[in-house]
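> Sequence first, predicted coordinates after that:
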Amino acid sequence: MLVRRFAVLVFLLLITSACSLAQRLDIAFTGGLSKTSDSTVIFTVGCTVPPASCPPPAFRDHLKTDNHYYVGGSVSVHLLDVKPFSFRLEVPAAAVPPTQNLTLPSSPAFVSDITSIFVTPSVMVKLAPDSFLSPWVSGGGGWARYSVDPDITTNKGAVQFGGGVDFKVGLKRLRLRGEVRDFLTGDPTLRLVSGPFTGTTQGGLHRHNVMAGGGVVLHF
């Protein structure tokens, strides 16, 4: 349900932007496969004494996220041309549905679902934008939202970088697109318990959400 609402919201935003920025806008609708890197979980025994007296971490494990599919899109607005390059302001967004599973090898009973949403304003640089084949790269940063089970929600900063190719297909307003993007974030908040041990994920940007797919681009 959350992903469906997200898709409707993105669609409405894209249409609204198209109406207000006609002749300067590209609107892309994409989808494909999502692969997420494992997260390191540190399990420790609960400690009630001062931190300096607590025992060292008991053990580590890797939280695994199943491969899944994603749906996404982007709006990009032309900024300037420095031939043969075109510079554009882009807002890519992507969502992975809540049927993506989380598993923990040390605790086989732990199985959960996660929903992921990413919105990352970026700068796109496109080579030869009017040619039959136009390679491009994109980079920027923004926001990620993870929902688990679905009562645990985590908002994280996100860094996006990626690239792809747009193809002309003989229609004035239509292009085809192939793309690969990586949304790099911190780990989502989880409640992980294995016997007397409590697990916590690490801080920092190290959760890779790699999305490879394709779709169509409406060119205005």
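In hand now; what should we look at? Every value quoted in this text rests on a predicted model; they were computed, and no experiment measured them.
> Okay, now the unreliable bits of this protein?
1-23, 46-57, 150, 194-196 (pLDDT under 70).
> mind checking the longest strand of it?
The residue-count maximum for a strand in the chain (DSSP state E) belongs to strand 85-103.
> Centre of the chain to it, how far?
4 Å (C-alpha atoms, centre = their mean, to the nearest Å).
> Can you tell me the SS state at residue 204?
For residue 204, the assignment made with DSSP: H, G, I helix; E, B strand; the rest coil gives coil.
> my guess is it meets residue 186, correct?
Yes - contact criterion C-beta atoms under 8 Å: residue 204 and residue 186 qualify, at 6.3 Å. For the C-beta atoms, the positions are set from N, CA and C on the backbone; glycine is no exception.
> hmm, back to that, in its sheet, which strands sit next to the longest strand of the chain, and in what direction?
strand 59-65 (antiparallel), strand 68-82 (antiparallel), strand 111-119 (antiparallel), strand 122-127 (antiparallel) (DSSP bridges).
> could you dump those to TSV with distance to residue 26 and mean neighbour count?
Formatted as TSV, those follow (distance: least, C-beta to C-beta, whole Å; neighbours: other C-beta atoms under 10 Å):
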stretch	distance to residue 26	mean neighbour count
strand 59-65	31	17
strand 68-82	5	18
strand 111-119	17	20
strand 122-127	9	19
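> and those strands as JSON lines, adding distance to residue 33?
As requested, the strands paired with strand 85-103 are exported to JSON lines (distance: least, C-beta to C-beta, whole Å):
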{"stretch": "strand 59-65", "distance to residue 33": "13"}
{"stretch": "strand 68-82", "distance to residue 33": "6"}
{"stretch": "strand 111-119", "distance to residue 33": "14"}
{"stretch": "strand 122-127", "distance to residue 33": "21"}
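> ok so, going back, neighbour-wise, which of residue 204 and residue 186 wins?
Under the criterion of other C-beta atoms under 10 Å, the comparison of residue 204 against residue 186 puts residue 186 first, with 20 against 9.
> got the contact list for residue 168?
Residues near residue 168 by C-beta atoms under 8 Å, 6 or more residues apart in numbering: 131-133, 175.
> Of the residues you listed - the most surrounded one?
Among the contacts of residue 168, the one with the most neighbours (other C-beta under 10 Å) is residue 175, at 19 neighbours.
> how about the helices in this structure?
Along the chain, counting by DSSP state H, helices occupy 2-20.
> Name the residues that touch stretch 77-87?
Contacts of stretch 77-87 (C-beta under 8 Å, 6+ apart): 21, 24-25, 88-90, 123-129.
> chain center to it, what's the gap?
25 Å.
> ditto for stretch 163-170
For stretch 163-170, the distance to the chain centre is 22 Å (C-alpha atoms, centre = their mean).
> since we're on the closest residue to residue 167 other than its chain neighbours, how many residues are nearby?
Spatial nearest neighbour of residue 167, excluding adjacent residues (C-beta to C-beta, 6 or more residues apart in numbering): residue 176 at 4.5 Å. Other residues within reach of residue 176, judged by other C-beta under 10 Å, total 13.
> go on, residue 146?
23.
> cool, and the one 5 residues further on?
In terms of burial, residue 151 registers 7 neighbours under the definition other C-beta under 10 Å.
> repeat for residue 95
Look at residue 95: counted by other C-beta under 10 Å, it has 24 neighbours.
> Can you name the residues bridging to it?
Under the criterion DSSP bridges, residue 95 forms beta bridges with residue 71, residue 117.
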